[in-house]
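Engineer: Everything below, folded, please.
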Amino acid sequence: MAKGIINNSSTDPNKILPLTYQWAREHYKNGVANNWVPEEVPMQADIEFWKRQGSNGLSEDERRMIMWNLGFFSTAESLTANNIVLAIYRHVTNPECRQYLLRQGYEEAVHTETFLYCCDSLGLDPDEVYNMYLTIPSIKAKDDFVVDMTKSVLDPNFKTEGKENIQRFVHDLVGYYVIMEGIFFYAGFVMMLSLMRQNKMVGVGEQFQFILRDESVHLAFGADLINTIVAENPEIWTAEFRAKITADIKKGVELEFEYAKDSLPHGILGLRADVIRQYLEYIADRRLERIGLEKVYGSENPFPWMSEVIDLRKEKNFFETRVNEYQTSGNLDWE
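Structural biologist: Purely as a prediction, here's the structure:
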């Protein structure tokens, strides 16, 4: 029986050698090379800056932008972790892919811990931050969309057998990897990293920067996983199915644009919602092409510096004792 990444009864998920999918092993090693924890980032300057009032501190619009992003990311990371642990790991039984999923699950836990660390450091009300996915309509709409789009894999009775079920599985993987991690996170990344470029809330910004680097590997793994399933099950890749995925990605762009308008009602830091929309269209085209679909927008990248955040080697000496070198992002083609 030929090996497959799903529905392969001959695969022993406990036996990682010999490798079938070398790309999964490379993504695992890339994740390890990016290792970090939030406590490595000093927050004292952010704490002092957050407390400032008036012209020497943050504007009300800047505070709103920070709160909206902490509110979205604080629960979104838990949602992605649940998808890995409760669903994707169960259906992808290939051992080297599972090894990476374990690594990704750890990284999602680190990301969740990061927002606990930020909230604790800044003295924020956890009920306010962690309930924003219920109280802020633009955040709730994004979360509801992903929950609905990934509901198949969370069904305990779901199986990945047969054309229709494999399509449902790939559809849910697109919702999780391409839309949630590949589009819904990126307006927030631009906002928070723009703030850091203004030398404001640098500690929080550095943590978003490290999360972005992790997400680049997550995206690359997700695309390879989707593409491999399609290559091994070409009958699922019908014109109708491709159109459905494209429509879902376009819907993701619209929801993220609404979130950007809500987070930036007046525009700050050289950011406007319409410019962020252009960026979302640019990255959506990249996501579409990465999984073998035609781009639909043709927009240019209005934030070329975002590529530098991922592509440049990052060296940071924490507490004058440690060097973190981001060694891997040069071979990623997501941003």
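Engineer: contacts, neighbours, all on C-alpha from now
Structural biologist: Fine.
Engineer: need the strands for the stretch 201-335 of the chain, in chain order.
Structural biologist: Counting by DSSP state E, counting those that start in this stretch, one finds strands in the stretch 201-335 of the chain at the ranges 315-318, 322-325.
Engineer: Isn't Asp267 up against Ile276?
Structural biologist: Actually, residue 267 is Gly. It isn't Asp. No. If you go by C-alpha atoms under 8 Å, Gly267 and Ile276 don't touch, sitting 10.4 Å apart.
Engineer: So between those two, which is more surrounded?
Structural biologist: Of the pair Gly267 and Ile276, Ile276 is the one with more neighbours under other C-alpha atoms under 10 Å, namely 24 against 17.
Engineer: For stretch 229-243, list every residue counted as buried.
Structural biologist: Neighbour-count burial for stretch 229-243, with 16 or more other C-alpha atoms under 10 Å as criterion, is recorded at 229-230, 233, 236, 242.
Engineer: what comes into contact with that stretch?
Structural biologist: Here stretch 229-243 makes contact (C-alpha atoms under 8 Å, 6 or more residues apart in numbering) with 4-6, 163-164, 166-167, 170, 293.
Engineer: pull the CA atoms of it into PDB?
Structural biologist: The C-alpha trace of stretch 229-243 is given here as PDB (Å, rounded to 0.1, in the frame of the first residue of the first chain):
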ATOM      1  CA  ILE A 229      -3.200  16.000   0.700                       C
ATOM      2  CA  VAL A 230      -4.300  17.500  -2.600                       C
ATOM      3  CA  ALA A 231      -1.500  15.900  -4.500                       C
ATOM      4  CA  GLU A 232      -2.300  12.500  -3.000                       C
ATOM      5  CA  ASN A 233      -6.000  12.900  -3.500                       C
ATOM      6  CA  PRO A 234      -6.300  14.900  -6.800                       C
ATOM      7  CA  GLU A 235     -10.000  14.000  -7.200                       C
ATOM      8  CA  ILE A 236     -10.900  16.500  -4.500                       C
ATOM      9  CA  TRP A 237      -9.500  19.500  -6.300                       C
ATOM     10  CA  THR A 238     -12.500  20.200  -8.400                       C
ATOM     11  CA  ALA A 239     -13.300  23.600  -9.900                       C
ATOM     12  CA  GLU A 240     -16.200  24.000  -7.500                       C
ATOM     13  CA  PHE A 241     -14.100  23.200  -4.500                       C
ATOM     14  CA  ARG A 242     -11.400  25.600  -5.600                       C
ATOM     15  CA  ALA A 243     -14.000  28.300  -6.100                       C
END
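Engineer: now the nearest residue to Gly222 once chain neighbours are set aside, what's its secondary structure?
Structural biologist: Counting by C-alpha to C-alpha, 6 or more residues apart in numbering, Gly222 lies nearest to Tyr177, which is 5.5 Å off, once chain neighbours are set aside. Following DSSP: H, G, I helix; E, B strand; the rest coil, Tyr177 is assigned to helix.
Engineer: Tell me which other helices or strands the strand or helix carrying Glu26 touches.
Structural biologist: Assigned by DSSP states H and E, Glu26 belongs to helix 22-33. In terms of contacts (3 or more C-alpha pairs under 8 Å, 6 or more residues apart in numbering; DSSP states H and E), helix 22-33 is packed against helix 95-122, helix 202-232.
Engineer: give me the low-pLDDT residue ranges for the stretch 201-335 of the chain?
Structural biologist: The stretch 201-335 of the chain contains residues with pLDDT under 70 at 310-335.
Engineer: mind checking how far the residue nearest to Gly222 is from Glu128?
Structural biologist: 27 Å (C-alpha to C-alpha, to the nearest Å).
Engineer: neighbour-wise, which of these two wins?
Structural biologist: Neighbour tally, Tyr177 and Glu128, criterion other C-alpha under 10 Å: the higher count belongs to Tyr177, 22 against 12.
Engineer: thinking the more buried one is in contact with His218, fair?
Structural biologist: Yes. If you go by C-alpha under 8 Å, Tyr177 and His218 touch, sitting 7.3 Å apart.
Engineer: are any of the contacts of stretch 229-243 buried, and which?
Structural biologist: Neighbour-count burial (16+ other C-alpha under 10 Å) applied to the contacts of stretch 229-243 gives 4-6, 166-167, 170.
Engineer: among those residues, which two are most distant?
Structural biologist: Gly4 and Gln167 (15.5 Å; C-alpha to C-alpha).
Engineer: where does the stretch 1-150 of the chain dip in pLDDT?
Structural biologist: For the stretch 1-150 of the chain, applying pLDDT under 70 flags the ranges 1-3.
Engineer: show me where it has helices.
Structural biologist: Secondary structure of the stretch 1-150 of the chain by DSSP state H, counting those that start in this stretch: the helices cover 22-33, 44-51, 60-83, 89-91, 95-122, 126-130, 132-135, 137-149.
Engineer: can I get those in CSV with distance to Gln207?
Structural biologist: Below are the helices of the stretch 1-150 of the chain laid out as CSV (distance: least, C-alpha to C-alpha, whole Å):
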stretch, distance to Gln207
helix 22-33, 16
helix 44-51, 12
helix 60-83, 12
helix 89-91, 27
helix 95-122, 7
helix 126-130, 17
helix 132-135, 20
helix 137-149, 21
